[in-house]
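> Here is a sequence with its predicted model. Questions after.
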Amino acid sequence: NRPTGFSNILSSINPDDIETINVLQGPSATAIYGAVGANGVVMITTKRGKAGESKISFNSLVTMQSEPTHIDVMNLRQYAKYRNDLAAIGGTASDPDFIDPSVLGEGTNWQGALYRPTSLQKYSLALSGGNEKSTFYLSGEYFNQNGIVSGSGFERYNGRLNVENKTRSWLKVGANLSVGITKEKVNTNNGGIIQLALDQNPSVPVTNPDGSWGGPTTTQFQFTNPVMISKIYNDYNNRTSILGGLFAEVKLAKNLTWHTETNGSLEFLKYYSYHPGYTIGGYVVSQDAAQSTRSVNTNTWWSLHSRVQYDWKVGQHNTNFMVGHEAQAHGYESLTGTRKKFITNTIEELSGGDASSISNVINGSGKGSGARESYFGRLNYSYKDRYFLQGTYRMDGSSAFRAGRRWGSFPAVSVAWRVSEESFMKDVPAVSDLKLRFEIGRSGNQGNGGNAIYSTLQSVPTGWGTGFLASNFANEFLTWEKDDV
């Protein structure tokens, strides 16, 4: 549960910590993940330490970012002609400054004034190593990207620790922890600044001769100054995210392994916004419209995952069988406050706004939770590493649905033939790996956060005080969305 404008939680990960990224395709690969695989599966594996000498690595990157290609818009001469043509058919009043467009210059290039070459810098340090029993990987990173549009930027601090230990010949344990802190400057998004730069006409200057901000003399065919907005708005998002997990792998018998793990995440989000009042030329935003907003969100998630796997090999026949169970839950809380009508732009906190009128005060809060339980299994068979058969089955139960409609089943089957391993392909050196696959399966999506099965309430004013009305019709028959492919 994130406010609009926050980047994905993956933006808090240091790319230098990533060992591999795998995109799983097809129902046979994604069905084992059930509901979470409905939109596809991307598996990110972070680096682990390796036995041997300890290694220290340092990476740095400092680069310049150039302006993007400008979108073609009218210059001042073209705009003057457009205004004259519009006035000739009665579309608007004529402007004496545009009588002879040929004597005018290019006017203000708003995209050129807004965009800027800027820097990107990144520094990361990693220490890894271990021995036959224990390995570790420790890293830290600093990343700072100034936006090419004034009023935008992204800054990140990240730390990671991955450790593994082979405690006994039959037991391996491990832990991973990642902490990320990000700050995003979002004046550009929240102010619609790029669109303003495309809309604003070239007769308006960025600044006046006295150094003050330039503005239109009338609001007709005019917009506010996008360069000014990028400077005077104060909008940013702060995130602190903590992701971690513990695992244990027990060899129960020959070819039989039990793996259990618990993972969790904790995310703190803060949104800060202040839009001041101002006057530029004939464009006025009064102090009554000045607005400040503060928002705090907390998201939590945990999961417990256990599986038993049996591997069996006889001659050129390979069989792998796995069954498992998973339980997970999530929750969120949010608190938001907004004040309007600020006497001065010096004080941006909510206390600086006018609280005497209810129209100047907006408060809100939210809270929610959900859970899911799953059972799954998978059978893999291969012969000569050439012919393959895979079957998967998963059942997901979600708190988003009422009892009796809570569980969804997601089976999948696939067969494959590695043609490149056949004898008749040995004389085709241009083909190193060729595999044909047929698969069929089902994926599912719970779609909603659990509110759709209830008739939620909204507060409304009445003659006797605050009352409540239903904001939607309850649908107790809602169940899993299923996609057979």
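Everything's here; your move.

> Bridging across strands, which residues link to the nearest residue to Ser351 once chain neighbours are set aside?
Nearest residue to Ser351 in three dimensions, chain neighbours excluded: Arg339, at 7.9 Å (Cβ to Cβ, 6 or more residues apart in numbering). C-beta: built from backbone N, CA, C; applies to glycine. Arg339 has these beta-bridge partners by DSSP bridges: Ser292, Val361.

> My guess is Arg339 contacts Arg294. True?
No - taking contacts as Cβ atoms under 8 Å, Arg339 lies outside contact range of Arg294: 9.1 Å.

> between those two, who's got more neighbours?
Between Arg339 and Arg294, counted using other Cβ atoms under 10 Å, Arg339 has the larger neighbour count: 23 against 17.

> Report pLDDT for the more buried one.
pLDDT recorded at Arg339 is 95.

> gap between the nearest residue to Arg386 once chain neighbours are set aside and Ser432?
Nearest non-adjacent residue to Arg386, counting by Cβ to Cβ, 6+ apart: Glu421, 4.5 Å away. Per Cβ to Cβ, to the nearest Å, Glu421 is found 11 Å from Ser432.

> who has more neighbours, these two?
More neighbours surround Glu421 than the other of Glu421 and Ser432, with 15 against 8 (other Cβ under 10 Å).

> Contacts only, for the residue nearest to Ser351.
291-292, 350-355, 360-362 (Cβ atoms under 8 Å, 6 or more residues apart in numbering).

> ok, Arg156 touching Gly180?
Yes - using Cβ under 8 Å, Arg156 is in contact with Gly180, at 6.6 Å.

> Quick check: neighbours shared by those two?
Ser12.

> Need the three-state assignment for Glu112.
For the record, residue 112 is Gly, not Glu. Each residue gets one of three states, and Gly112 gets helix by DSSP: H, G, I helix; E, B strand; the rest coil.

> What's the local residue count around the spatially closest residue to it that is not a sequence neighbour?
Closest residue to Gly112 apart from its sequence neighbours, by Cβ to Cβ, 6+ apart: His70 at 7.0 Å. The tally of other residues near His70 (other Cβ under 10 Å) stands at 13.

> same thing with the one 4 residues further on?
Residues within reach of Met74, counting by other Cβ under 10 Å, total 14.

> In three-state terms, label the residue nearest to it when sequence neighbours are not counted for me.
For Met74, ignoring the flanking residues on the chain, the nearest one in space by Cβ to Cβ, 6+ apart is Tyr82 at 6.4 Å. Tyr82 carries the three-state label helix when classified by three-state DSSP.

> Isn't Tyr82 up against Val73?
No - in this structure, Tyr82 is not within contact of Val73 by Cβ under 8 Å, at 11.1 Å.

> Find residues that contact each of those two.
Counting by Cβ under 8 Å, 6+ apart, nothing touches both Tyr82 and Val73.

> Run through the neighbouring helices and strands of the lowest-mean-pLDDT helix or strand in the chain.
Sorting the helices and strands of the chain by mean pLDDT, DSSP states H and E puts helix 27-30 at the bottom, at a mean of 76. Helices and strands touching helix 27-30, by 3 or more Cβ pairs under 8 Å, 6 or more residues apart in numbering; DSSP states H and E, are strand 407-418, strand 435-445.

> What ranges in the protein fall below the confidence cut-off?
1-7, 219-221, 448-450 (pLDDT under 70).

> just the helices in it please.
For the chain, the helices defined by DSSP state H cover 27-30, 76-88, 110-114, 187-190, 193-199, 226-232.

> Compute the distance between Ser306 and Ala35, please.
Distance, Ser306 to Ala35, using Cβ to Cβ: 18 Å.
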